[in-house]
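K.L.:
no sequence for this one, just the structure:
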Ligand code: SF4
Ligand code: SF4
């Protein structure tokens with residue numbers, strides 16, 4: 001994000017930045033570009049009386065990467081999906097990708113206020129890769145990996161920052177406890193927060209054995225259900 005010379009330093013844009021990247025110095029807004037994730041919130045808020053905030057039309061690849069992960073109006077080239085660029089787990093009632101015996105796991109790193117650097121994303125990806133999980137191919141984080149077996153990511157972007165990024169993979173149920181323990185272990189090294197999503201089918205009797213696995217790995221869980229309306233036909237097996 002750029003600040004034009006028309007800025008009068010009124011400070012109205014400052015509270016809208018989720019990364020606290022804007023401050024007023026000498027009656028001008030100054031943006032810390034190392035913290036700015038190019039989310040565009042300051043601009044979309046339309047509070048600037050002087051139209052002084054502008055998207056940089058000459059984005060480098062690195063700045064564009066920040067934007068695609070942080071601005072929900074921008075589509076990821078790797079997946080053609082807006083926002084954080086992945087919908088695989090959320091649409092499992094349509095895709096049926098995570099059937100019996102496997103589950104989908106997503107680690108959502110970063111939130112407004114903290115964001116996430118890609119070196120932290122890589123730490124989590126590497127920890128998960130140690131159990132030979134299969135990373136979701138239609139996911140922008142996976143597209144940044146130089147090695148999907150190890151979770152190693154493109155070093156060119158490793159210090160870049162985004163509002164949020166999701167490591168997503170399919171995992172056999174018998175590896176879940178180990179993977180969750182590895183995520184728990186690496187979490188102590190992260191400079192950000194994360195939430196963990198696990199997508200699985202209920203057993204025939206309606207129970208969720210995953211609860212016990214999550215507890216064994218040291219996490220607490222809450223059950224969330226989602227019903228997609230008009231997104232497709234459920235693939236129920238009788
Ligand atoms: S684009 Fe987003 S992160 Fe950058 S200054 Fe504006 S609100 Fe802050
Ligand atoms: S709202 Fe506009 S004029 Fe006010 S500080 Fe921000 S950029 Fe400058």
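P.N.:
Okay, I see it. Note that this is a predicted model, so its numbers are computed, not measured. Numbers count the residues shown, from 1 in each chain. Ligands and ions are numbered 1, 2, ... in the order given.
K.L.:
Residue 116 contacts residue 109, correct?
P.N.:
Yes. Between residue 116 and residue 109 there is a contact at 4.1 Å, judged by C-beta atoms under 8 Å. C-betas here are computed from N, CA, C, even on glycine.
K.L.:
Which pLDDT value does the model give the residue of the chain most remote from its centre?
P.N.:
Relative to the mean C-alpha coordinate of the chain, counting by C-alpha atoms, centre = their mean, the farthest residue is residue 26 (35.7 Å). At residue 26, the pLDDT value in this model is 95.
K.L.:
try residue 188
P.N.:
Looking at residue 188, the pLDDT reads 95.
K.L.:
quick one on the thing from earlier: and for the residue farthest from the centre of the chain, nearest residue in space, chain neighbours not counted?
P.N.:
Distances taken as C-beta to C-beta, 6 or more residues apart in numbering place residue 9 nearest to residue 26, at 7.5 Å, with adjacent residues excluded.
K.L.:
Would you quantify the distance from that neighbour to ligand 2?
P.N.:
When distance is defined by C-beta to the nearest ligand atom, to the nearest Å, residue 9 is 5 Å away from ligand 2.
K.L.:
hey, which helix or strand in this protein has the poorest pLDDT?
P.N.:
The weakest-scoring helix or strand in the chain, judged by mean pLDDT, DSSP states H and E, is helix 92-95 (a mean of 73).
K.L.:
Just checking: what are the partner strands of the following helix or strand past that helix?
P.N.:
Next in sequence after helix 92-95, counting helices and strands by DSSP states H and E, comes strand 102-109. Strands that pair with strand 102-109, judged by DSSP bridges, come out as strand 165-172 (antiparallel), strand 194-199 (antiparallel).
K.L.:
Could you say which one of those strands comes nearest to ligand 2?
P.N.:
strand 165-172 (27.5 Å; C-beta to the nearest ligand atom).
K.L.:
For the closest one, the averaged confidence score.
P.N.:
94.
K.L.:
Off-centre distance for it?
P.N.:
Distance of strand 165-172 from its chain centroid, counting by C-alpha atoms, centre = their mean, to the nearest Å, is 11 Å.
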